[in-house]
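*Asks:* just need the structure, nothing else, for what follows:
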Amino acid sequence: MHIMMNYGKTGLPLDLPDNWDITVIRKRPMPILHDPVMILKEAFEHPTGGRPLTELAKGRRNACILICDITRPVPNGTILPTLVQQLISGGLKPTDIRILVATGLHRPNEGQEMFEVVGSEWIMQAVKVENHFARSDEDHTYLGKTHRGIPVKLDKRFVEADLRIVVGLVEPHFMAGYSGGRKVITPGIAHRDTITSIHAASMLEQKGVENCIVEGNPLHQELAEIANMAGECYAVNVVIDEIRKISFVNFGDIEKSHMEAVSFVRPFAEVPVAQKFKTVITSGAGYPLDKNYYQTVKGMVAAIDILEPGGNLFIVSECSEGIGSPEYAECQRRLIEIGPEAFMEHILPKSKADIDEWETEMQLKVAKVGKIHLYSGCLCDADRQLTGVAPVNSLVDAIQQSVDIFKDKRVAVIPEGPYVIPGCAAAD
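*Replies:* Here you go, the predicted model:
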């Protein structure tokens with residue numbers, strides 16, 4: 001059987017023996033919007049909660065639009081020109097419109113990369129496009145604390161804007177249930193103190209903080225509360241299929257419109273599977289999500305419910321930019337030095353996480369179930385050692401060895417990685 005795994009920009013071909021019992025787990029076919037601009041204009045005229053966008057823009061002094069950074073394949077080149085034109089039609093001048101890249105604690109996007117994120121030369125020239133810097137104290141406004149005591153500091157360029165809009169990609173998220181909406185605000189444009197507080201192990205280890213769970217998810221509740229503290233916010237929500245075509249788009253009240261998008265994508269992203277497997281093959285979702293190892297962990301977690309205890313999980317991820325941030329590399333180094341149990345004992349009591357240590361924590365959730373194997377064509381030897389998982393040079397040979405060891409030819413393959421969440425009844 002020939003399967004193309006999502007890997008980098010080109011994909012990774014995987015050829016497995018025909019006599020194996022292979023289960024390929026994909027979304028069922030999604031509808032495609034043949035004229036997404038027309039649908040988007042209709043969404044602006046008939047929002048999910050709130051008034052039409054042109055009416056919202058009337059009388060406003062300025063507007064701030066949040067967009068995701070380079071790690072998310074949001075079709076901004078389709079969305080932003082139509083969005084900005086609507087704001088101009090409502091009376092705003094291009095010079096009164098700011099687009100803010102919600103980088104969270106990720107690095108800024110600059111030069112050609114910024115153009116790739118925005119996707120429109122006209123937008124780049126017509127309005128201000130800037131990065132968020134979570135470590136810059138003076139760029140943030142303190143809004144108080146949530147009911148759980150999380151300090152809320154958000155980028156003042158967004159908080160002080162007269163009209164606030166976020167543009168988000170709605171897909172499964174291994175902590176918040178689904179991405180987009182409130183998550184573009186936090187961690188998107190939050191200060192490091194807020195980001196490290198919501199990522200503390202005391203939050204992430206709570207029941208419900210996982211893929212596809214929104215209702216009853218404590219992290220989602222915190223993010224929604226923080227969004228409310230920012231004031232009146234609206235959202236453009238988009239859903240894409242496996243080849244990045246737009247399947248759904250809407251606009252409206254940040255909470256109502258986001259939940260409508262979640263309801264749309266659930267039947268596609270959540271795939272029931274009848275059994276667990278000793279051998280599971282997945283991906284880091286391909287470019288741009290698999291640019292580094294940090295993001296690769298999402299693909300591991302997505303497959304956890306169908307991995308038999310003691311089984312082998314193989315993940316393919318290009319990691320063209322290496323391990324990730326220096327802070328993440330240090331967290332991984334600490335894990336390797338002191339081991340999983342000591343690592344968890346160290347992070348559980350803290351009210352604030354060290355930057356990026358939450359990704360190490362999430363990797364350990366998978367490592368408790370089975371052994372993780374990584375195929376990556378770009379990681380250097382030093383970075384491979386920091387992953388804390390087994391490196392794979394020949395993917396097919398390693399998979400064959402797994403099948404032979406377990407004497408079990410049942411193999412699950414998830415080409416799209418974390419964008420598809422398989423669930424097994426035996427996991428409940």
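*Asks:* what's in contact with stretch 126-136?
*Replies:* Stretch 126-136 is contacted from outside by 84, 94-95, 97-105, 108-110, 114, 118, 123, 139, 155, 157, 187-192, 195, using C-beta atoms under 8 Å, 6 or more residues apart in numbering. From N, CA and C alone the C-beta is placed, and that goes for glycine too.
*Asks:* next one: stretch 27-44
*Replies:* 52-54, 75, 78-79, 82-83, 86, 236, 239, 241-242, 245-252, 267-269, 271, 416, 419-420.
*Asks:* same question for stretch 51-60.
*Replies:* 44-47, 50, 63, 83, 86-87, 89-92, 96, 162-163, 234, 251.
*Asks:* repeat that with 6 Å
*Replies:* The contact list for stretch 51-60 (C-beta atoms under 6 Å, 6 or more residues apart in numbering) reads 44-45, 86-87, 89-92, 162-163.
*Asks:* show me where the stretch 101-250 of the chain has helices.
*Replies:* 112-118, 121-126, 156-159, 182-185, 192-198, 201-204, 218-230 (DSSP state H, counting those that start in this stretch).
*Asks:* ok, residues contacting the third one?
*Replies:* Among residues not part of helix 156-159, those counted as contacts by C-beta under 6 Å, 6+ apart are 64, 100, 141, 164, 189, 230.
*Asks:* now do 10 Å
*Replies:* 62, 64-66, 98, 100, 102, 128, 130, 132, 138-143, 152-153, 164-166, 184-185, 188-189, 229-231, 233 (C-beta atoms under 10 Å, 6 or more residues apart in numbering).
*Asks:* just the buried members of those?
*Replies:* When the contacts of helix 156-159 are checked for burial by 16 or more other C-beta atoms under 10 Å, the buried set is 62, 64-66, 98, 100, 102, 132, 139-140, 143, 152-153, 164-166, 184-185, 188-189, 229-230, 233.
*Asks:* next step: those restricted to strands.
*Replies:* 64-66, 98, 100, 102, 140, 143, 152-153, 164-166 (DSSP state E).
*Asks:* what's the burial count for residue 404?
*Replies:* Counted with other C-beta atoms under 10 Å, the neighbours of residue 404 add up to 10.
*Asks:* does it sit in a helix, a strand or a coil?
*Replies:* Secondary structure, DSSP: H, G, I helix; E, B strand; the rest coil: residue 404 is helix.
*Asks:* which PyMOL command selects the buried ones in the contacts of stretch 126-136?
*Replies:* Here is the PyMOL selection string for the buried members of those, based on 16+ other C-beta under 10 Å:
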select buried, resi 84+97+98+99+100+101+102+103+104+105+109+114+118+123+139+155+157+187+188+189+190+191+192+195
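*Asks:* may I see the buried residues of stretch 38-57?
*Replies:* 39-41, 43-44, 47-48, 50, 52-54, 56-57.
*Asks:* now do that stretch: distance from first to last residue.
*Replies:* Stretch 38-57 has an end-to-end distance of 20 Å (C-alpha to C-alpha, to the nearest Å).
*Asks:* got it, and stretch 350-357?
*Replies:* 12 Å.
*Asks:* also stretch 234-246?
*Replies:* 20 Å.
*Asks:* just stretch 143-151 next, same as before
*Replies:* Stretch 143-151 end-to-end distance (C-alpha to C-alpha) = 8 Å.
*Asks:* and for stretch 7-15?
*Replies:* 15 Å.
*Asks:* buried residues in that stretch?
*Replies:* For stretch 7-15, by 16+ other C-beta under 10 Å, it's 7-8, 11-12, 14.
*Asks:* and the two most separated of the residues you listed?
*Replies:* Pairwise distances across these peak at 13.9 Å for 8 and 14 (criterion: C-beta to C-beta).
*Asks:* hang on, residue 412 packs against residue 281?
*Replies:* Yes - contact criterion C-beta atoms under 10 Å: residue 412 and residue 281 qualify, at 7.0 Å.
*Asks:* which of the buried residues of stretch 7-15 lies closest to residue 173?
*Replies:* residue 7 (21.0 Å).
*Asks:* any chance of the buried residues of stretch 7-15 in CSV, with secondary structure, distance to residue 364 and pLDDT too?
*Replies:* CSV is the format used below for the buried residues of stretch 7-15 (DSSP: H, G, I helix; E, B strand; the rest coil; distance: C-beta to C-beta, whole Å; pLDDT from 0 to 100):
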residue, secondary structure, distance to residue 364, pLDDT
7, coil, 24, 98
8, coil, 26, 97
11, coil, 29, 97
12, strand, 26, 98
14, strand, 27, 97
